[in-house]
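[1] quick check, what structure comes out for this input:
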Amino acid sequence: MTPPTEPRSRRERPAKPALSRAVILAAALEIMRAEGLPKVTMRRLAQELDTGPASLYVYVANTAELHAAILDELLGTLATPAEGSWRERLESLLTEYTTVLLAHPALARSALVARPSGGHYLRLVETLLTLLEQGGVPDRQAAWGVDVLLQYATATAAEHATRGEAADAREEWDTLTRALHGADPGTHPRTAALAPELVSGAPWQRLSWGIQVQINGVLHTPAPHPTEGAA
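    Alright, predicted model coming up:
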């Protein structure tokens, strides 16, 4: 007969690591990689850290801030391009940023509204501004352009991530292709004529072209003087 297990004193249990923002973020990243971003909630995180949700709010205001912090942590993997023209390095950085988001579909969608403000995000902004300065982009256009460039890259990642998760994504694409190719030349002459071009090109070609369009726009479009209090 197996003798009953004696109860262990709390003093004999392994000590829990002291709570800190770094410890919380590390646990959040583990949950995201194992279970996906939707599972990264304050309640689930508290369970992982063997504490109460109220203890976490000392370090993180809410789930949105937590997701933004996760994004900032992932931005730390971005490498600053060292070779090529300022345009090539800018495109390379934005492409890598998009790729990071594509690797985490739920985070890509969250990034449309989450606003990271940590050190890695600030380094990304500084690098973008430096590259735009090297390209001769005026300061105000560069400052406004950072928002446009990151919005385009983020939206592209979110769109493709959503499509990639959809079970009927291929069917939807085929339906769209048939609709465009079947457009009536009498009522939609331009659509009928350009139907092949509307769905042409590999995803990476579309991304590269789109980034160049954004860069050209930032370079050649003067930014207006902001009205007082607009920000």
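[2] contacts and neighbour counts: CA atoms only from here.
    Will do.
[3] pLDDT below threshold where in this protein?
    Along the chain, the model assigns pLDDT under 70 to residues 1-17, 162-167, 228-231.
[4] scan it for its longest helix.
    When the chain is parsed with DSSP state H, its longest helix is helix 139-165.
[5] for residue 193, give its distance to residue 44.
    Separation of residue 193 from residue 44 (Cα to Cα, to the nearest Å) stands at 53 Å.
[6] all helices of this structure, in order?
    Counting by DSSP H, the chain has these helices, from start to end: 21-35, 42-48, 53-56, 63-75, 86-102, 105-110, 119-134, 139-165, 169-181, 189-198, 203-220.
[7] which of the ones you listed sits closest to residue 226?
    helix 139-165 (9.8 Å; Cα to Cα).
[8] report the buried residues of the closest one.
    141-143, 145-146, 148-150, 152-158, 160-163 (16 or more other Cα atoms under 10 Å).
[9] picking that back up, out of the helices of the chain, nearest to residue 227?
    Once the helices of the chain are compared by Cα to Cα, helix 139-165 is nearest, at 13.5 Å.
[10] same for that closest one, what does it pack against?
    Judged by 3 or more Cα pairs under 8 Å, 6 or more residues apart in numbering; DSSP states H and E, helix 139-165 is in contact with helix 86-102, helix 105-110, helix 119-134, helix 203-220.
[11] run through who's touching the last one.
    Under the criterion Cα atoms under 8 Å, 6 or more residues apart in numbering, residues 87, 91, 94-95, 136-138, 141-142, 145, 148-149, 152-153, 156 lie in contact with helix 203-220.
[12] that helix versus helix 119-134: what angle between them?
    With axes from the mean of the first three to the mean of the last three Cα atoms, to 10 degrees applied, the angle from helix 203-220 to helix 119-134 works out at 60 degrees.
[13] would you mark the buried spots in helix 203-220?
    Quick answer for helix 203-220 (16+ other Cα under 10 Å): 207, 210, 211, 212, 214, 215, 218, 219.
[14] what angle sits between that helix and helix 139-165?
    Using the same axes, to 10 degrees: helix 203-220 against helix 139-165 is 160 degrees.
[15] can you tell me how far residue 107 sits from residue 99?
    12 Å.
[16] those two - which one has more neighbours?
    The neighbour comparison of residue 107 against residue 99 (other Cα atoms under 10 Å) goes to residue 107, with 25 against 16.
[17] which ones are touching that one?
    37, 67, 71, 101.
[18] now tabulate these in CSV and tack on distance to residue 27.
    Output for these, formatted as CSV (distance: Cα to Cα, whole Å):
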residue, distance to residue 27
37, 12
67, 12
71, 14
101, 19
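[19] and these, which is closest to residue 113?
    Closest to residue 113, out of all of the contacts of residue 107 and judged by Cα to Cα, is residue 67, at 10.1 Å.
[20] got the contact list for the nearest residue to the closest one once chain neighbours are set aside?
    Distance criterion Cα to Cα, 6 or more residues apart in numbering; nearest residue to residue 67, sequence neighbours excluded, is residue 114 at 6.9 Å. Contact partners of residue 114, counting by Cα under 8 Å, 6+ apart, are 64, 65, 67, 68.
[21] having no further points to raise, I will conclude here.
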